Structure formats: C-alpha cells, structure tokens
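Peer 1: Next one to model:
(4 chains)
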2 protein chains.
Amino acid sequence: MSTVTIKDVAARAGVSPKTVSRVINGEDHVRPEIREAVQRVVAELNYRPNAFARSLSSSRSYLLGLFIDDPVSGYAADVQHGALLRCRERSYHLVVEPVELNRPDWKDHVRASIASLRLDGAIIAPPICDAAELIDLFRESDVPHVLIAPSGESPDSGAVRMDDRGAAREMTAYLIGLGHRHIGLVQGPLSHSASARREEGFRAAMAEAGIAVDEDAVLRGDFSFRSGLERGEALLDRTDRPSAVFACNDDMALGVLITAMKLGIAVPQSLSVAGFDDSASSRAAWPQITTIRQPKAEMAAAAVDILVDPSFRKKSAGPQSRLMLPHALVVRGSTGAA
Amino acid sequence: MSTVTIKDVAARAGVSPKTVSRVINGEDHVRPEIREAVQRVVAELNYRPNAFARSLSSSRSYLLGLFIDDPVSGYAADVQHGALLRCRERSYHLVVEPVELNRPDWKDHVRASIASLRLDGAIIAPPICDAAELIDLFRESDVPHVLIAPSGESPDSGAVRMDDRGAAREMTAYLIGLGHRHIGLVQGPLSHSASARREEGFRAAMAEAGIAVDEDAVLRGDFSFRSGLERGEALLDRTDRPSAVFACNDDMALGVLITAMKLGIAVPQSLSVAGFDDSASSRAAWPQITTIRQPKAEMAAAAVDILVDPSFRKKSAGPQSRLMLPHALVVRGSTGAA
DNA sequence: ATGATTTTTGACATCGTTGTCATATATTGC
DNA sequence: GCAATATATGACAACGATGTCAAAAATCAT
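Peer 2: Prediction:
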C-alpha cells in the first residue's frame, strides 16, 4: 500500500495538482463537474494529503498544542478530551505538552514546541494559564492562544471561563437555604487562581445572608484527596464543628466525606458536604457528592473553535474570543437540611 | 522574532546547510571544531529545525500515535503520561487519537491519521489492542506498532505487558493466606482481555489451595465504579456473604467498599476488599484499598523505546520487542485476617 | 459576432530540511 | 613523497503540498 500523492490524483482525474488542491481545500473557482470528478478519484485512490507537505507549503500546521501542568489529573483528562474531539471535527490535530514550571528547562521545551511544530494555536489550561512568563512566550512568537479559566484579562489572549465566583456563591447560598449557618470552607491552593474566586463567592453569599464566617473553619487545601482528609479531620474532629463543609473541589470534598465516615459522622444527617467540579470523585462515594458541574470539555472545545476561527488568527482577541460558559449546581446525596 | 532556518545558521557558521544538518542530527563525518562552531551558532540564533520540513524530507515524522479507547479514564491518563515523558526525552511528539470502535467511521479516522501524519509508530492501549481489525490497519500500512497488554501474540506487533494472571494469583493467595476461604470475585468486562487473565489467576490460586470457588460469588462487572456498587450489593447483602472480595480493578473495588459501608459492614474487620491497578480510586477511600500496582506508565514508556529503536523499525518484532514488566502487591488497609 | 469581463485552470517557484553523490581534503602505507 | 585510501564537505535534487500569477475558457454586454 504505497503512498498516494496529489499528482496521482491529478493524473487520474486529468487535471493539474493545483486543481486537486483546490478541491481538497474547498476553495472556489472549480467547475462543479470537475470538483465532483476529483472527489471521486480521491475516494477511489483513498488519497490523504500529507500533513507535513501541506504545513510546509502553507503556513498552517493544522496542529494545536494543549499546554497543561499535570496531565494525569481528571481535570486534565476532561479538558483534553473536549479539545481532542473538537479538533477532530475541525480536522486539526492536538499535541499535548506537559509544562512543569518547577523544572528549570521548561521554557526551552515550550519554545521548542512552538518553533519546531509551528503550532497554529495553543490552549493553556489552569493553573499555568496564569503564569505570565508562559503567556509571554506565546505572545512573543505570535502564536494565537486561548487561556482556560484564567484569573485576569490578557490583551492578546483569548479566554474561556466559567463563573467560579458565581458558582461558589450559588453553592453557598444553597447550603444556607438548607438551614446551615456554620459552614466550613476548604480553600483551594493559592497556585490556582480559581481558588480565590471560589472563596470570594463563598464569602459573598455568607455576607448576603448576614452570616459571619468562622475563620477557624476556613482551611487551605491543595486540591488533593489527601489534603481533604487532613483538613476534614481538622474541621470535624472537634466539638463546635460546622454543620456543612464546602470544599473547593471534589477530590477534597471526597476527603472530607471519608473523614466524616471515619469519625462516625452521618452524612448528610449530621453533616453536609459540597464539592466543586463534578469530577469522577464526586460520584465515587456514598452518598454521592453535591457539586458544581464545570463545563471542562466544553471550555476546551470552545477554545479550539476560537483558535481555528480565522478571524481570531488575524486581529488578536476580539470580544468573541472571550467566552463565559454556564455551570450548574448538581444536588446529590451529600447535602441535606441542617 | 522571525524564523531562523538552517541556511541562516549555515551562513553564519560559514559552512553549508548540509553540514549543519549533520551536526543537528548527530551524524558522523564532521570535524570536531566545525561541529562545535555550528553548535555555538545554533545556540546563539536559537535555531530549531522545522519539524515539517524535516519530516517531509526524511521519511521519519518524529511522531508517535497513541490509540486509545477512552481517553478520559485514569488508566489512559497514566499510560499517556508515561508515553509523553519518554517521547519528550527522545525528542518525539505524541499525538493522541481516540478510537471509538462503536462508531462506524472509526476506520477512516485511523487511516487518516496514519496516512496524513505518517506516524513513525503507534502505541495501542487496551482494550482495543485486541481488536484484530485495528491491528490490521497498522500492519497493512507498515506502521510499526506496540500493543499494551494484549491477550495474544501478533507476529508483526511489539507487545508490552504485565503478568495479569500471576498478579491475580498472588493477590488471591495473599487473601487465602489471611485465612479467607469464601472469596468473592468481581470480574472485569469481556471486552478487556485482562479480565479473563485475572480470573484465571484467581481460580488458579483457589485451586492450588484446594478451595472450591463459590460460583454464586463470581459476578461480572464492567470496570466502572457503579458496577462495583451494584455487584457489591449483590455479593454482600445476603447472609452467606464472602469474607473477602477481589475486584478486578480499583474502581469496582471502591464500589464494593462503599457498598460495605452503606450496609454497615466493617472493613477490614468483617470484610476484606482487594482491587487491581493501583489507581487513584484505590487511595480515595478509607481504608485505602489493597491492590496490584500495575506499571502503566512504564509500559507506555517501554513501548516508546521499542518504537524509537531503529532495529524494531526494520526487522519486525524481535524478542526485545516483547516485554513483560513487573507488578507489585500493594497491601493497604482494606484487607485483614478473616 | 466582438470585445470586455469574469471565472477556471495550470506552470512554476517555494516552503526548510535531508538523501545522494561527487568532490575536496586529510590520512595512511610504503 | 606519492599513490591509495579514508574522511569531510558541499551542490543539487528531492519530499508533497500550496501561493502566485499568467494564460485559457466561459460569460456577458452591446
């Protein structure tokens, strides 16, 4: 099964390679009958354009890079999957590039990808979407890039986000609505800008309800299951424990939930636990965890759309490259009346 | 920051592009002083070869494909990460291609990747590594490929595996050693060939110990947490329940564990639960789950090594392209004396 | 029917690298 | 010191597509 080139197709269809190229790329100025004939030959010969030749010749690589901190996390998997499927629909390919900011050579790796792969665009996932030094690398080399859930605005960058603050506010309001007054918070790590936004939402809802936050019941975790276990123990293993705990992601919420079980605290009867993300961990427990559905795959898909859109590639960052996607409160068994 | 080409380097170093190419690719026949001079210029100009031009010219793409069924699973993430890191070390890139065998157009997608990306090699993850039709696609187009944990041998394919049967046997023997006689098994799905091997190991260990298997306590799951919950309930919510349950992966083991908690069965005092994989779920519970550490990332890394190795690319599938990597029994809190 | 205009088509150069092969230079043996 | 050999180097043509631009064909207006 040797390789079929555009010349083979052209010869067989009795036209020039350039005409075949036009048909392949859906360009104008081809007579319908010729277009059809070429398409028939393409199908017959099962011709696929060589991506490298195409990229070398045009200036497009049909390659998008997904830059991500920890590709093993469930979050990353969802983002990647969303991007992957949309890329396929758009006939793009996705190259996943892990970025470890604590390694001294991370910049080299990123530069190498940019330069040698000639990426058509980059998707930058949290938390590294807030690393200015990283963003600058893309800006310097004029690579269109979209940030997923970044903290701020960046003039040359697209952004796709959800309303972390609003979602956390909703969740907190929901807990308050259930009658809870003493609510603990397990914060996310400072390295993730979403942590701060979620905390803000929490405090806003508490303030709106006129409830003072018990600062002793606000503890910082690092988004890991283990930290949920530990903070959960600190929060629950005492006499004046809160009646509800809001953890800023599901892994930590799961930790809190497991801790409650260890301590013999009935959920949701004696304690409500809420998480954030709607990740697999929120379903990997009993009762299942009430959480916020975060549109991870959708954000990634939207990022692909923005990057592929020719208008974004020219004039940097119009308003259509700043998206806010909707979230949803998912009520499950881990929360109940106070 | 415009693009630096090999000509720029050549001009500045006072040599021909071809010589620069030799230096870049570490070929012989370059005088040490010239080599050094070129390297200096490369560093100065921060030159990176254009991957497309290189691929077009040589016949190598420096691209490996990872073909995977469900890229969202934790298993996939580990495999991908292992492959990714090793690819980077070897200056290769990894393209992840989801393959959904239940979609009618899956073959087209795979063919398109092979043909248009000119992959230097493919890594095929379970369970699709057992899909003969898929393997044939690679064989037909002469793309070197390595299967991860396949069921059988395939003449032209490399393979990296672990001893699923042996590991399951060890785990079962361990449970028997703890004094358990009545052991339940939650099988994996028939679609994964590993399921059968693990079941075999279980039965072998039972037979060796002269214990009859209670066939009513052998239930098939589908590797999902939910199926673990359901099978757990079927297994535990009855008077003659087993004193230990071996689930063929961690997600299901977690389901069994959670079910035990719901039913008020103390683990490990009244019930031992064992899993398989050493995935995140095995640690996302209390007690943590005793399991088999499966060298997922290592298998993927080994697959990359095999594919990149020039000898494999020529003569197909020597013995060094058939690897068996070691596993380990990880004893944690979910198992105890009967 | 004729020239003016528009649409289609193809020749050819080009993208940035590497393979091939001929040539230039260094090394060896005698 | 001079062949004979080995080693270094570069000229040039690929690789397989697309961009540019000029030529050819079709359409239109009169």
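
Peer 1: Show me what the host helix or strand of residue A:159 packs onto, helices and strands only.
Peer 2: Secondary structure assigned from DSSP states H and E places residue A:159 in strand A:158-162. Where contact means 3 or more Cβ pairs under 8 Å, 6 or more residues apart in numbering or on different chains; DSSP states H and E, strand A:158-162 is packed against strand A:145-148, helix A:296-308, strand A:322-325. C-betas here are computed from N, CA, C, even on glycine.

Peer 1: contact partners of the last one?
Peer 2: The reference is to strand A:322-325. Identification of contacts with strand A:322-325 by Cβ atoms under 8 Å, 6 or more residues apart in numbering or on different chains yields A:153, A:158, A:159, A:160, A:161, A:162, A:163, A:295, A:298, A:299, A:302, A:306.

Peer 1: Please identify the buried residues of that strand?
Peer 2: Across strand A:322-325, burial judged by 16 or more other Cβ atoms under 10 Å in any protein chain shown covers A:323, A:325.

Peer 1: Restrict the contacts of strand A:322-325 to the buried ones and give me that as a ChimeraX selection.
Peer 2: Buried residues among the contacts of strand A:322-325 (16+ other Cβ under 10 Å), as a ChimeraX selection:
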select /A:158,159,160,161,162,163,295,298,299,302,306
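
Peer 1: can I get the helices and strands packed on strand A:158-162 in TSV with mean pLDDT?
Peer 2: Shown next, in TSV, are the helices and strands packed on strand A:158-162 (pLDDT from 0 to 100):
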stretch	mean pLDDT
strand A:145-148	95
helix A:296-308	95
strand A:322-325	93
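
Peer 1: just to revisit the earlier point, can you dump the C-alpha coordinates of the helix or strand following the strand holding residue A:159 into CSV?
Peer 2: The element immediately downstream of strand A:158-162 (helix or strand, assigned by DSSP H and E) is helix A:164-177. Output of helix A:164-177 as CSV, limited to C-alpha atoms (Å, rounded to 0.1, in the frame of the first residue of the first chain):
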residue,chain,number,x,y,z
ASP,A,164,-16.3,30.4,39.6
ARG,A,165,-17.3,33.1,41.9
GLY,A,166,-21.0,33.0,41.0
ALA,A,167,-21.0,29.2,41.2
ALA,A,168,-19.4,29.2,44.6
ARG,A,169,-21.9,31.8,45.7
GLU,A,170,-24.8,29.6,44.5
MET,A,171,-23.5,26.6,46.3
THR,A,172,-23.1,28.5,49.5
ALA,A,173,-26.5,30.1,49.1
TYR,A,174,-27.9,26.6,48.6
LEU,A,175,-26.3,25.4,51.8
ILE,A,176,-27.6,28.4,53.7
GLY,A,177,-31.0,27.7,52.2
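
Peer 1: contact partners of the helix or strand following helix A:164-177?
Peer 2: Downstream of helix A:164-177, the next assigned helix or strand under DSSP H and E is strand A:183-187. Outside strand A:183-187, the residues that touch it by Cβ under 8 Å, 6+ apart are A:172, A:175-176, A:195, A:198-199, A:202, A:206, A:211, A:213-214, A:217-221, A:227-228, A:231-232, A:235, A:241-248, A:252-253, A:256.

Peer 1: and if you look at stretch A:88-100?
Peer 2: By Cβ under 8 Å, 6+ apart, stretch A:88-100 touches A:51, A:62-71, A:80, A:83-84, A:87, A:106, A:109-110, A:113, A:117, A:119-120, A:128, A:134, A:304-305, A:308, B:80-81, B:84-85, B:88, B:93-96, B:98, B:109, B:117.

Peer 1: Point out the ones among the contacts of strand A:183-187 that are inside helices.
Peer 2: A:172, A:175-176, A:195, A:198-199, A:202, A:206, A:227-228, A:231-232, A:235, A:252-253, A:256 (DSSP state H).

Peer 1: Distance check, residue A:29 against residue A:21.
Peer 2: 12 Å (Cβ to Cβ, to the nearest Å).

Peer 1: how about the nearest residue to residue A:290 once chain neighbours are set aside, secondary structure?
Peer 2: Leaving aside its sequence neighbours, residue A:290 sits nearest to residue A:335 (Cβ to Cβ, 6 or more residues apart in numbering or on different chains; 4.2 Å). With DSSP: H, G, I helix; E, B strand; the rest coil as the basis, residue A:335 sits in coil.

Peer 1: Now residue A:79: which helix or strand?
Peer 2: Residue A:79 belongs to helix A:74-89 when elements are defined using DSSP H and E.

Peer 1: right, and residue A:303 touches residue A:149 too?
Peer 2: No: contact criterion Cβ atoms under 8 Å: residue A:303 and residue A:149 do not qualify, at 10.3 Å.

Peer 1: The two: which has the busier surroundings?
Peer 2: Comparing residue A:303 with residue A:149 by other Cβ atoms under 10 Å in any protein chain shown, the one with more neighbours is residue A:303, at 30 against 24.

Peer 1: For that one, which non-adjacent residue is closest in space?
Peer 2: That would be residue A:146: by Cβ to Cβ, 6+ apart, it lies 4.1 Å from residue A:303.

Peer 1: Quick one: neighbours of the one you found, just the number.
Peer 2: Counted by other Cβ under 10 Å, the residues lying close to residue A:146 total 29.

Peer 1: Quick check: bridge partners of it?
Peer 2: Following DSSP bridges, residue A:146 is listed with bridge partners residue A:123, residue A:158.

Peer 1: same check, this time on residue A:292
Peer 2: residue A:329.

Peer 1: Run through the residues that contact it.
Peer 2: Residues near residue A:292 by Cβ under 8 Å, 6+ apart: A:167, A:168, A:170, A:171, A:275, A:276, A:277, A:278, A:327, A:328, A:329, A:330.

Peer 1: Buried ones among the residues you listed?
Peer 2: A:167, A:168, A:170, A:171, A:275, A:276, A:277, A:278, A:327, A:330.

Peer 1: Tally up the residues packed near residue A:132, please.
Peer 2: Residues near residue A:132, counting by other Cβ under 10 Å, number 9.

Peer 1: List the buried residues in stretch A:219-227.
Peer 2: A:219, A:221, A:222, A:223, A:224, A:225, A:227.

Peer 1: Pull the contacting residues for the fifth one.
Peer 2: Translated: residue A:224. Contact partners of residue A:224, counting by Cβ under 8 Å, 6+ apart, are A:251, A:252, A:255.

Peer 1: what's the spacing between the closest residue to the last one other than its chain neighbours and DNA strand D?
Peer 2: Of all residues not flanking residue A:255 in the chain, residue A:228 sits nearest, at 2.0 Å (Cβ to Cβ, 6+ apart). With distances taken as Cβ to the nearest atom of the strand, to the nearest Å, residue A:228 is found 51 Å from DNA strand D.

Peer 1: do residue A:323 as well
Peer 2: If you go by Cβ to the nearest atom of the strand, the gap between residue A:323 and DNA strand D works out to 28 Å.

Peer 1: restrict the contacts of strand A:322-325 to contacts with DNA strand D.
Peer 2: Among those, no residue lies close to DNA strand D (Cβ under 7 Å from any atom of the strand).

Peer 1: of all the contacts of strand A:322-325, which comes closest to residue A:16?
Peer 2: Relative to residue A:16, the closest of the contacts of strand A:322-325 is residue A:306; by Cβ to Cβ it sits at 35.5 Å.

Peer 1: Residue in the stretch 201-338 of chain A with the shortest distance to DNA strand D?
Peer 2: Distances between the stretch 201-338 of chain A and DNA strand D by Cβ to the nearest atom of the strand are smallest at residue A:310, namely 11.7 Å.
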